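Asker: requesting a structural model of the entry that follows:
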Amino acid sequence: MTPELTALTLAALLQVAQYALFSVAANRQVGVGYAMSPRDKDRPLTDLAGRLQRALNNHFEGLILFTIAVAVITLSGQSSAFTAACAWAYLGARVLYIPSYAFGWVPWRSVIWAVGFFATLAMLIAALL
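Answerer: As a prediction, the model looks like this:
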């Protein structure tokens, strides 16, 4: 497996862990009864649960581009030390993004997000060169 595919697999597992963190916080806020209900009435999440939900949604968005970048690099046989470093930078940024969002690390949350985004962008550009 290429380093990029390994990073992608770990990013997917991170998404699972992130979903579990969010679920626990959300259930604590709204209660198990509401969580198991059809949720006909919306209960917006706030504080930690809301921040974990937004971080989870952000990872879904970032993971789409990262998956495309990894697929293009892997399928075109262009894996290199540079693209591997970009993949690991993306994963590291996503790991740090969770506590940075959960605990409101300003402005570091945005800086950490940018590292992951630009690492993905660099992989996409590398695939075209």
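
Asker: burial count for P99?
Answerer: Here the count is done by other CB atoms under 10 Å, and P99 has 14 residues near it. C-betas here are computed from N, CA, C, even on glycine.

Asker: equivalent analysis for Q18, please.
Answerer: Number of residues near Q18 (other CB under 10 Å) recorded here: 21.

Asker: which ones are touching it?
Answerer: Neighbouring residues of Q18 by CB atoms under 8 Å, 6 or more residues apart in numbering: L52, A55, L56, H59, I98.

Asker: again with G62
Answerer: Y90, R94, W113, G116, F117, T120 are the contacts of G62 under CB under 8 Å, 6+ apart.

Asker: repeat the analysis, applying 10 Å as the threshold.
Answerer: G62 makes contact with A11, Q15, Y90, A93, R94, Y97, W113, G116, F117, T120 under the criterion CB atoms under 10 Å, 6 or more residues apart in numbering.

Asker: how about the contacts of Q18 in a markdown table, adding pLDDT and distance to A25?
Answerer: Shown next, in a markdown table, are the contacts of Q18 (pLDDT from 0 to 100; distance: CB to CB, whole Å):
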| residue | pLDDT | distance to A25 |
| --- | --- | --- |
| L52 | 95 | 5 |
| A55 | 96 | 11 |
| L56 | 96 | 10 |
| H59 | 96 | 15 |
| I98 | 97 | 12 |
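
Asker: in the residues you listed, find the pair that's most separated.
Answerer: L52 and H59 (10.6 Å; CB to CB).

Asker: so what sits against both of the two?
Answerer: By CB under 10 Å, 6+ apart, the residues touching both L52 and H59 are Q18, Y19, I98, Y101.

Asker: what strand or helix carries the last one?
Answerer: Y101 belongs to helix 81-102 when assigned by DSSP states H and E.
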